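Asks: Sequence and predicted structure are below.
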Amino acid sequence: MASIKDDRGYNQGFKPSNALNIRTQRRCDYIIFQMDHIDNATEILEIGCGTGELSFMLATKTQTKVLGTDLCIPFISEANSTYSLPNLSFMVVDFNDPEPLSERKFDYIVGNGILHHLYADIDKALCNFKKLLKANGKIIFLEPNLYNPYCYLIFHTTSFFRKWARLEPGEMALTKRKMKKVLQIAGYQSIKIEYKDFLLPNTPAVLIYPLIVLGSFLEVIPLIKKISQSIFISAIN
């Protein structure tokens, strides 16, 4: 399936499709479900927002103040030209160095498939996020699961498939054990990591809803759920 590449030539997601839209809507709903409190003063920061779809969904569904950030200037330009809401804004920020946000504090920091881009410096990234969170603020991230056969094939090989997928050199899918360890070291509390979702963005339209139904059963089977497409992560500052 065709991908969206950033201004460095690396793959940063999939081009729009029915499956991708449904998948993003479901993930948005999950993120909102994990939020402990929401009102008009709530501030949400999305890390690696790409062209802004998830940030727009969050701003629409919650009526909170949402800031979408990405280091790719063309992505942010597209987001600004596509989405316009009074409670939504976008900013170019390198999430390895969030200095432009140093004066702000957020109730929630979220991301859909972004921490694995920070794999080489994930400890530093998680500490940076803590500085941007309010007291008892929460992070909520959805990340590719290395134990999923598709993810393992793409991420764990060292030649053809990584090159074909145009992955960044330091990019790597995550495991539940890895995330629990780095979150504990960074000082996060109430860590929750779940195996979730068997719906891939390139799923044919006719298979989307059968796969969603099947996935709801597979997610509760102890061994089978470990090969789900993603791990869903939340933790409190």
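Replies: That came in fine, so what should we check first?

Asks: need the next SSE after the longest helix along the chain, C-terminal direction.
Replies: Ranked by residue count under DSSP state H, the longest helix found in the chain is helix 18-33. Tracing the chain past helix 18-33, the next element assigned as helix or strand by DSSP states H and E is strand 43-47.

Asks: who does that next one pair up with?
Replies: In the sheet, strand 43-47 lines up against strand 65-70 (parallel), strand 106-112 (parallel) (DSSP bridges).

Asks: any idea of the mean pLDDT in that strand?
Replies: On average, the pLDDT along strand 43-47 is 97.

Asks: With stretch 120-132 instead?
Replies: For stretch 120-132, mean pLDDT rounds to 91.

Asks: And for the longest helix of the chain, what's in contact with it?
Replies: Here helix 18-33 makes contact (CB atoms under 8 Å, 6 or more residues apart in numbering) with 14, 38, 53-54, 57-58, 61-62, 110, 112, 140, 142, 196-197, 199-205, 208, 212, 232. C-beta here means a position set from N, CA and C on the backbone, and glycine is covered the same way.

Asks: Output the longest strand belonging to the chain.
Replies: The longest strand of the chain (DSSP state E) is strand 133-144.

Asks: and it, which residues are buried?
Replies: With burial defined by 16 or more other CB atoms under 10 Å, the residues of strand 133-144 counted as buried are L133, G137, K138, I139, I140, F141, L142, E143, P144.

Asks: Equivalent analysis for stretch 162-170, please.
Replies: R162, L167, E168.

Asks: Now tabulate those residues in CSV and tack on secondary structure and distance to I31.
Replies: CSV is the format used below for the buried residues of stretch 162-170 (DSSP: H, G, I helix; E, B strand; the rest coil; distance: CB to CB, whole Å):
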residue, secondary structure, distance to I31
R162, helix, 28
L167, coil, 24
E168, coil, 24
